[in-house]
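> Provide a 3D model corresponding to the input given below.
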Amino acid sequence: MYKNKSSTGKNNLCGEKLYLLRKQLTPKVSQRAFAEKLQLKGIDLDKNAIQRIECGKRFVTDIELKAFAQILNTTTDELLNDN
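The predicted structure is shown next:
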């Protein structure tokens with residue numbers, strides 16, 4: 001049976017990039033603060049969900065991906081890029 005995982009075995013492609021871009025924000029933004037920013041955009045995620053996304057244990061919807069890109073001031077393509 002086919003499993004929806006990346007070649008690295010993770011459940012999403014954007015987690016590592018999300019982590020790196022979130023850490024580069026100034027002032028620094030914690031997972032909790034990032035979750036609060038998402039909630040202002042109508043995306044109901046908590047700190048634990050952000051942690052699971054960043055380590056690749058949680059799937060990401062297209063709606064969530066779009067909100068991540070808006071908050072991080074980047075594109076969805078950049079979040080999905082392996083480089």
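> tell me how many other residues surround residue 58.
Residues within reach of residue 58, counting by other C-beta atoms under 10 Å, total 18. Placement of C-beta: from N, CA and C, glycine included.
> report the contact partners of it.
Each residue near residue 58 by C-beta atoms under 8 Å, 6 or more residues apart in numbering is listed here: 11, 12, 49, 52.
> rerun that using 6 Å as the cut-off
11, 52 (C-beta atoms under 6 Å, 6 or more residues apart in numbering).
> tell me how far it lies from residue 26.
Applying C-beta to C-beta, to the nearest Å, the value for residue 58 to residue 26 is 26 Å.
> quick one: which helix or strand includes residue 57?
Taking DSSP states H and E as the definition, residue 57 sits outside all helices and strands.
> and for residue 21?
helix 15-24.
> can you name every helix or strand that that helix contacts?
helix 47-54 (3 or more C-beta pairs under 6 Å, 6 or more residues apart in numbering; DSSP states H and E).
> give me the contacts around the helix it packs on.
15, 18, 19, 31, 32, 34, 35, 58, 60.
> can you count the residues close to the fourth one?
This means residue 31. Neighbours of residue 31 (other C-beta under 10 Å): 18.
> residues contacting it?
Going by C-beta under 6 Å, 6+ apart, residue 31 touches 47, 50, 51.
> can you tell me which of these has the most neighbours?
Highest count within the contacts of residue 31 by other C-beta under 10 Å belongs to residue 50, 23 neighbours.
> look up how far residue 41 lies from it.
Going from residue 50 to residue 41 by C-beta to C-beta gives 14 Å.
> what's the angle between the helix holding residue 21 and helix 47-54?
In terms of direction (axes from the mean of the first three to the mean of the last three C-alpha atoms, to 10 degrees), helix 15-24 departs from helix 47-54 by 120 degrees.
> centre of the chain to the following helix or strand past helix 15-24, how far?
Tracing the chain past helix 15-24, the next element assigned as helix or strand by DSSP H and E is helix 31-40. Distance of helix 31-40 from its chain centroid, counting by C-alpha atoms, centre = their mean, to the nearest Å, is 11 Å.
> quick one: average pLDDT of helix 31-40?
Averaging pLDDT along helix 31-40 gives 98.
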